[in-house]
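Novice: coords please:
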Amino acid sequence: MKDVDDLTALDFWARPPEERLAAFARLRALDRPAFFAEQRIPFVRAGRGFHALVRHADVVYASRNAKVFSSEPAATSPEPPPWISLLFGRPMVNMDDPRHARLRRIVSRAFTPRRLEQIEEHIAKTATEIVDDVLQAGSGDFVTDVAARLPIKVICTMMGIPEHHHAKVAACVDAMTEYSGVRGDVTRLRTLRLLGGNLKAIVDLHRLVAHLGRERRESPADDLISALVTADVEDERLSVRELGAFFDLLLVAGNETTRNALAHGLRLFTDHPDQRAILLADFDRRIGGAIEEIVRYVSPIIQFQRTLTCDHEMNGQAYRKGEKVVLYYLSANRDEDVFPEPDRFDITRTPNPHVGFGGPGPHLCLGAHLARRELSAMFRELFTRVPTLRAAGPPELLLSNFDNGIKHLPYRT
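Specialist: Numbers count the residues shown, from 1 in each chain. All right, here's what the predicted structure looks like:
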C-alpha cells in the first residue's frame, strides 16, 4: 500500500514513539488491515508476510478465536527454527489446546493460596529493600536500581533460584529480549550475533533449571520448581524440558511487563504531575486504575503473531489458511473507537478494556495478576517513602518491535 509506513523496517522502530503512534493511527483509518511482505532473515525461518491487526476489535476477535488464529508454530517473531523447539521444548505462548491447556492447568494449580500469600509477602519485602537503596543513593538509573531488580528477584525467589544466580539470569533475559526485536531489514552479522546470544542464553537457563529440577524431584523444597516437578495433575507433571520452556516464558513475559511498566510509569508520573497528584491524594483508591492506564498507555509487549488454521472472514476481511496476522496491542490500546482521547494519560479512565496483558482468550497473560501485585507494591513503596522521586532526563528506549522497553532512565529523589 502506498503512503503506509513499513512495520518490518528496523528504522521505523527507531523513530520517536509519537511518530510510530501516528503511523498506527493512519493504519487504523484504512478500510482493511494492511499487508506487509517480509524480507528473508538470515539463519532464521523465512517470513511469509503478515496482515497487521491494529484495531481493538480485530485484536480482541483474533485473541478469542484461538482455533482459527493459532499460536502455532510460533506467536513470537521472527519464528524460531523448528529444531529449537525440539531441543528446548515449546513454550506455552507457542502452543494451542490441548497441549496449552494441559500445561496451563499444571502451572495454575502450583499457585496455591499459601504460595500466593508467600509471594505477596516477598514482593513487599523486596520493594522495601529496593527503596531503602534508592533513598541511600539519591539518584541513578531507575531501570537498573528499581525496575529491573524487582521482577527478576521475585521470579527467581518464587522458582527457588539461588541468589548467586540472579545476575546471570537477568543477563540471559536481556539477551533473549534483544533477539525478539529482530524482524525485517537487519544485517546478517547482527542477526547471527543476536541469534547466538539468544541460543546461549536459552542453553544457560535450561541447564540451570534442569539441574534444579532434578534436585527438587529428589529433595523437594518450598518453591515453585518443586511444585511443578512433583505435583501430579491427572497423572501429569512438567518434564524437565517443559520446566525449562516455562521458565523462559515466565522470565521474559513476567519480567518485561513489570519492568517496562515501572520504568514508563515513573516517566509518565513525572511528565503528568496532575495524575501523580490524583494518585497520591488517595493511593488505595487510585492505584488499581493507575496500573491499568499505565499498561494501556505503554503496552509493555507490543505484539504477538497468529497463523490462520483455515480460510476465515473477520470484520469483513477475508483471510486464507496459512496466512499470518500480527496483533498490535500497542495500536489497539490507542483505538479511538474504544478509548476517548486515547493519547491522554488518565488514571481515572473507566472503562478501560485495554489489551496490554494480551487479548481475552486462552492466551491472556498468566502472569497478569503477579504483575499487578508487583506494580502496586513498588509504586506504593516509592511514592509513600520518596514522594519527590522524579525522572531526571529522557529515557533511552530499547530498539525492538516486540518489547516496549526502556534501557536506562535517570532519576533523582
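
Novice: could you pull out the strands for the stretch 301-413 of the chain?
Specialist: All strands of the stretch 301-413 of the chain, identified by DSSP state E, counting those that start in this stretch, fall at 303-308, 312-314, 317-319, 324-328, 390-391, 396-397, 406-408, 410-412.

Novice: in the third one, what's buried?
Specialist: For strand 317-319, burial by neighbour count (16 or more other CB atoms under 10 Å) applies to residue 319. From N, CA and C alone the C-beta is placed, and that goes for glycine too.

Novice: from the contact counts, what lies against it?
Specialist: Here strand 317-319 touches strand 312-314, going by 3 or more CB pairs under 8 Å, 6 or more residues apart in numbering; DSSP states H and E.

Novice: direction included, what does the strand it packs on pair up with?
Specialist: Strand 312-314 has its sheet partners listed here by DSSP bridges as strand 317-319 (antiparallel).

Novice: tell me how far the partner strand lies from the chain's centre.
Specialist: With CA atoms, centre = their mean, to the nearest Å as the basis, strand 317-319 stands 28 Å off its chain's centre.

Novice: what's the following helix or strand after the helix or strand of the chain with the lowest mean pLDDT?
Specialist: None of the helices or strands of the chain scores lower by mean pLDDT, DSSP states H and E than helix 82-88, at a mean of 68. Using DSSP states H and E, the next helix or strand after helix 82-88 towards the C-terminus is helix 99-110.

Novice: and that following helix, what's its mean pLDDT?
Specialist: Mean pLDDT, helix 99-110: 78.

Novice: got the buried residues for that helix?
Specialist: By neighbour count on 16+ other CB under 10 Å, the buried set for helix 99-110 is 100, 102, 103, 104, 106, 107, 110.

Novice: where do the helices of the stretch 151-300 of the chain begin and end?
Specialist: 166-180, 188-218, 224-230, 240-249, 255-271, 273-281, 283-298 (DSSP state H, counting those that start in this stretch).

Novice: those helices: which one's closest to residue 3?
Specialist: Distance to residue 3, taken as CB to CB, is lowest for helix 283-298 among the helices of the stretch 151-300 of the chain, at 26.9 Å.

Novice: export only the CA atoms of that closest one, formatted as PDB.
Specialist: Taking C-alpha atoms only, helix 283-298 is exported to PDB below (Å, rounded to 0.1, in the frame of the first residue of the first chain):
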ATOM      1  CA  PHE A 283      -3.400   5.900  46.700                       C
ATOM      2  CA  ASP A 284      -5.500   2.900  47.700                       C
ATOM      3  CA  ARG A 285      -8.500   4.000  45.700                       C
ATOM      4  CA  ARG A 286      -6.500   5.100  42.600                       C
ATOM      5  CA  ILE A 287      -3.600   2.600  42.300                       C
ATOM      6  CA  GLY A 288      -5.700  -0.100  40.500                       C
ATOM      7  CA  GLY A 289      -6.800   2.300  37.800                       C
ATOM      8  CA  ALA A 290      -3.300   3.800  37.600                       C
ATOM      9  CA  ILE A 291      -1.800   0.400  36.800                       C
ATOM     10  CA  GLU A 292      -4.400  -0.400  34.200                       C
ATOM     11  CA  GLU A 293      -3.800   3.000  32.500                       C
ATOM     12  CA  ILE A 294       0.000   2.700  32.500                       C
ATOM     13  CA  VAL A 295      -0.300  -0.800  30.900                       C
ATOM     14  CA  ARG A 296      -2.800   0.600  28.300                       C
ATOM     15  CA  TYR A 297      -0.800   3.700  27.600                       C
ATOM     16  CA  VAL A 298       2.600   1.900  27.400                       C
END
